[in-house]
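> Return a 3D structure for these sequence lines:
(one chain, ligands or ions: 1)
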Amino acid sequence: MTIDLSPVITIDGPGGSGKGTVGQRLAWRFGWEFLDSGALYRLVGLCALGRDIKLDSVREIANIARNLEAQFAVKEGDFGTEGIILLEDQDVSSKLRTEDCASAASQVAQYDDVRQALLERQRAFRVEPGLVADGRDMGTVVFPDAQLKVFLTASAEIRAERRFKQLKTKGMSASLSAILADIQARDYRDTHRSVSPLIPADDAVILDTTLMSVDDVEQKVLELAKSRFLQLGGLS
Ligand code: C5P
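Model prediction:
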């Protein structure tokens, strides 16, 4: 069996399951492109909040998604090279990580028109030598032909704790109980929406990360990738 299109590894799962960190590390290791698809939904949410547009005004929100002027870039920070996200030339990386933005993202992500508007933008990340794509529907909708699909899960409580620690280390204020409530509300919306709900693809490998460190998860996905791509013709 040969690989015709550039290889893709999809990592889907709920917020706080570790998919972003693990996906980024793998992409860096392989020298592949990385797609943080959640950031696109967050950008749409942020734009809508900034323009005072109601999050259920589907036409206006889809318009924002179609015309999103966003760039994923890198800059030299205090701790070396870091990825940043620009919206209309402004660095909005920190704003995007707030729970308000996450909640707005999951509200706008319910609408098919919004998802369709972002589909081709996401597929354009599939370039040589390969792509690691992180999100909710990477394996089911955006890259259904991905060579390796991973679905990470973890209890809501542990995911809330991870998010809490992450925000604290970044010096942002946070309340554990508020984060847990937000995560549970987002999980409910993401798994119950009618379009592209958060579910594992039939051919995804499911990993429960509740009792795993991020290093363990990275190692496990790395092993899966190595064995899958060796079978398919090698991972350079
Ligand atoms: O992954 P992240 O927490 O940044 O995603 C924010 C929100 O964007 C999710 O709660 C979800 O509603 C939405 N999303 C989505 N499909 C994706 C990625 C994110 O619906 N592929």
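
> Can the host helix or strand of residue 166 be said to contact the ligand?
Here residue 166 sits within helix 156-169, counting by DSSP states H and E. No. Judged by C-beta under 6 Å from any ligand atom, helix 156-169 and the ligand are separated, with a smallest distance of 9.4 Å. To be clear about C-beta, it is placed using only N, CA and C from the backbone, and glycine gets the same treatment.

> Which strands or helices does that helix pack on?
If you count contacts as 3 or more C-beta pairs under 8 Å, 6 or more residues apart in numbering; DSSP states H and E, helix 156-169 packs onto helix 176-192.

> on that earlier part again, show me what the helix holding residue 166 is in contact with.
For helix 156-169, the surrounding residues in contact (C-beta atoms under 8 Å, 6 or more residues apart in numbering) are 14-18, 97, 154, 173-174, 176, 179-180, 183-184, 187, 210.

> Could you pull out the buried residues of that helix?
Within helix 156-169, the residues scored as buried using 16 or more other C-beta atoms under 10 Å are 156, 158, 159, 160, 161, 162, 163, 164, 166, 167.

> Any idea how far the longest helix seen in the chain is from the middle of the chain?
If you go by DSSP state H, the chain has its longest helix at helix 214-232. In terms of C-alpha atoms, centre = their mean, to the nearest Å, the centre of helix 214-232 is set 19 Å apart from its chain centre.

> which ones are touching the closest residue to residue 164 other than its chain neighbours?
Leaving aside its sequence neighbours, residue 164 sits nearest to residue 176 (C-beta to C-beta, 6 or more residues apart in numbering; 4.8 Å). In this structure, residue 176 makes contact with 160, 161, 164, judged by C-beta under 8 Å, 6+ apart.

> which is the next helix or strand following the one helix or strand residue 65 maps to?
Applying DSSP H and E as the criterion places residue 65 in helix 58-66. As assigned by DSSP H and E, the chain's next helix or strand after helix 58-66 is strand 70-77.

> Could I get the buried residue list for that following strand?
70, 72.

> before we move on, the earlier item: from the buried residues of helix 156-169, which is closest to the ligand?
Among the buried residues of helix 156-169, residue 163 lies closest to the ligand (C-beta to the nearest ligand atom), at 9.4 Å.

> Which residues does the longest helix of the chain contact?
Applying C-beta under 8 Å, 6+ apart, the external contacts of helix 214-232 come out as 1-3, 7, 9, 11, 18, 21-22, 25-26, 29-30, 147-148, 150, 152, 205, 207, 209, 212, 235.

> try stretch 182-192
The contact list for stretch 182-192, computed with C-beta under 8 Å, 6+ apart, reads 14-16, 99, 102-103, 106-107, 109-110, 136, 156, 159-160, 163, 197-199.

> hmm, that stretch touching the ligand?
Yes. Applying C-beta under 6 Å from any ligand atom, one finds stretch 182-192 touching the ligand at 186, 190.

> Can you point out the buried residues in stretch 18-27?
In stretch 18-27, counting by 16+ other C-beta under 10 Å, buried: 18, 19, 20, 21, 22, 23, 24, 25, 26, 27.
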